[in-house]
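Novice: Make a model of this:
(chains A and B)
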Amino acid sequence: MVSAESLSAILVYGFITSLVYALYAEGFSLIFGVARMIDAAYGLWYAAAAYMAYALVTIYNVPVAVTAVATISALFAAGFVYYWGVLRRVKEHIEMIMTTFLLALVIQNLIVLFFTNFPWSTPAVFPGSTLIFGISVFNQQLAAAVAASILLVGLWMLIYRTKVGLAIRCVAQDIEAAVCVGIKPQNVMALVLGLSTALAGLASLLVTPQSTITPTMGWPMLTLAFAIVVLGGLGDYRGTLIAAFVIGYVEIAVQNLVSPLYAGAASLIAVLVTLWLRPRGIFGRSVEH
Amino acid sequence: MRRERLTLLGLLAVFAALAFVPTFFNLRFIIFILTLTNIFALLAVSWNLLSGYMGLLSLGHSFFFAGGGYAAAIVALNLGIPPIVAIFVGAVIITGLSCLIGLPSLKLRGHFFALVTLVIPVIAYQVTNALPQLGGHDGIFGIPPISTDANVVYLISLSFVFLGVMVTYVVVRSRLGIIFSCIKDDETASMACGIDVPRYKLYCLAVSVFLAGLAGGFYAFLNGVISPATYELEKASLPLLMTLLGGRSTLLGPVVGAYIIETIIESLKVEILVRSRLLIYSALALMIFMLFPSGIVGYVRRRFYAHTED
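Specialist: The predicted structure follows:
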């Protein structure tokens, strides 16, 4: 039988994890939904942000707030360059996955070159812990949850309540029609790529303090983003949010009740089964023929 | 017809040279490196069949590779059958398993197949890590060597590569190969012609996984140990990088790429370069992929047969 303590642990930790996953996966979902692109380097933006923040804070002693702003703007700019330099030329999906996969390898090995394969442990930004429902939670994680919820609401406002968001949704629906009403789809796509890399960086900044970072940390995150986005129906804000909660709770529940060793495998298997039985995800469009 | 005979003769000459020259010099270190190179060449040949000729991008060839190694090691240690037989049995086991997993994924559009293959080694890694029956984190030890003579092992590995290249040659030249290239060029049109697309994709997957399983089994016997680290991304990206370098959809491309990349790795054993070796060849492959999509063998072939093509 599940004890009350482990139940509340699952509830609290699951909620925090899911919020961060949601923030992270929304970026992947945006690229897929709007630009119709699959970015196999998405996990590497996450790793790159973690390493950049780590280097700025621990090696160059830059204040945390400045580091956050610098990292996010750098990633936003990287997304722009990424679109104009690489993705714009690639049209076919297979070629796109191959190109972005190779690019991801290049980024990963650049990180290895500068920081070696050795895992570094990162300092906490908000030290200490608080009791919630009888569970001791690191302040770091609480801050991550609060920031992630604010950012998720902000992203929703941006997409559904502003003119820029209108243009983004317009391009997602019909590129030719968007051109007819005076939207430049390439600018919108570049913006979306920038937004998505910035979101990956934000998620990374929220999670990586007070943990360890390795150059290969991006790959599990890529499969995670893929898992959430497939489960939620590709490119759907609401679906991605719900799917992030499903995956987050499945992971935390398996971790607490079965074994931490199976946590990642369980959620990925859940996604494979979804992909096979109902390829269009919980909501959203089909990925079959 | 003449061209075909020329290709076959060239193939035989290359393999004969590879068989005689290193054994003649009899340098143990170089022989070991070349054996390793042959294993990765076979893996690249297998990747080339699935992703080059068939157009099904696989980013998870490490699963077939490590799976074949695990299956062969377990079979050899528990049943006590000779290593070569165990390698083949292991390859058959991993082929069956991968076809079971692959069957539902092959119905998905090409790029989702690619993402599924990226996910599967991650799952396999975690499951193997967690199961003590599979050796857990430490892997399986004490796998007996194929032969105590390094030259014999080298020649067997070379014959495996030859087998892989010949299988590719036979498959690509047969009716099956024509169907594969039809599916690669246009899936919808091939379905309209009455080709059962998922079935042929499954055939191609099975042959490719079998070759990768052979390579994995050989790797396990060569090292005497197989651990979950074999599932790592480097093993999945190596065949891709080698094949892109050598030339996609060419018979010898993967082998040429494997030899070039292994030579680069082994000759650049300087501290900083060891750390950045993957950087060097992933950047190389990215450049080649974007500027030179047909690779080295493709380029040579175009120069050589320029008058017959246009």
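Novice: Next, count neighbours for A:Gly165.
Specialist: Residues within reach of A:Gly165, counting by other Cβ atoms under 10 Å in any protein chain shown, total 15. Where you see a C-beta, it was placed from the backbone N, CA and C, and this is true even at glycine.
Novice: Which residue, other than its chain neighbours, is closest to it?
Specialist: Among residues not flanking A:Gly165 along the chain, A:Ile159 sits closest, at 4.0 Å (Cβ to Cβ, 6 or more residues apart in numbering or on different chains).
Novice: ok but the one you found is inside a helix, no?
Specialist: Yes - counting by DSSP: H, G, I helix; E, B strand; the rest coil, A:Ile159 falls inside a helix.
Novice: Hmm, it is touching A:Ile168, no?
Specialist: Yes - when contacts are counted by Cβ atoms under 8 Å, A:Ile159 is listed as touching A:Ile168 (6.1 Å).
Novice: And those two? Which one has more around it.
Specialist: Between A:Ile159 and A:Ile168, counted using other Cβ under 10 Å, the more crowded position is A:Ile168 (25 against 20).
Novice: Distance of that one relative to chain B?
Specialist: A:Ile168 sits 22 Å away from chain B, going by Cβ to the nearest Cβ, to the nearest Å.
Novice: dump the residue contacts of that residue.
Specialist: A:30, A:34, A:159, A:188, A:191-192 (Cβ atoms under 8 Å, 6 or more residues apart in numbering or on different chains).
Novice: Filter these down to the ones in helices?
Specialist: Taking DSSP state H as the definition of helices, those contribute A:30, A:159, A:188, A:191-192.
Novice: In the chain, where is pLDDT below threshold?
Specialist: Assuming you mean chain A. For chain A, applying pLDDT under 70 flags the ranges A:1-2, A:234-235, A:278-289.
Novice: that answer is for a different chain, and I need it for chain B
Specialist: For chain B, the stretches flagged by pLDDT under 70 are B:1-3, B:26, B:109-110, B:268-277, B:293, B:305-310.
Novice: tell me the centre residue of it?
Specialist: With distances taken as Cα atoms, centre = their mean, the residue of chain B nearest its centroid is B:Leu43 (1.5 Å).
Novice: Which helix or strand contains that one?
Specialist: B:Leu43 belongs to helix B:28-47 when assigned by DSSP states H and E.
Novice: just B:Leu56 next, same as before
Specialist: Assigned by DSSP H and E, B:Leu56 belongs to no helix or strand.
Novice: one step back: mind giving me the packing neighbours of the helix holding B:Leu43?
Specialist: Packed against helix B:28-47, as judged by 3 or more Cβ pairs under 8 Å, 6 or more residues apart in numbering or on different chains; DSSP states H and E, are the following elements: helix B:2-25, helix B:61-79, helix B:150-173, helix B:197-223, helix B:233-246, helix B:253-267.
Novice: Can you lay out the ones you listed as TSV showing distance to A:Ile247?
Specialist: What follows is the helices and strands packed on helix B:28-47, written out as TSV (distance: least, Cβ to Cβ, whole Å):
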stretch	distance to A:Ile247
helix B:2-25	49
helix B:61-79	22
helix B:150-173	39
helix B:197-223	28
helix B:233-246	22
helix B:253-267	37
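Novice: any chance of those helices in CSV, with mean neighbour count too?
Specialist: As requested, the helices and strands packed on helix B:28-47 are exported to CSV (neighbours: other Cβ atoms under 10 Å in any protein chain shown):
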stretch, mean neighbour count
helix B:2-25, 12
helix B:61-79, 26
helix B:150-173, 19
helix B:197-223, 24
helix B:233-246, 26
helix B:253-267, 22
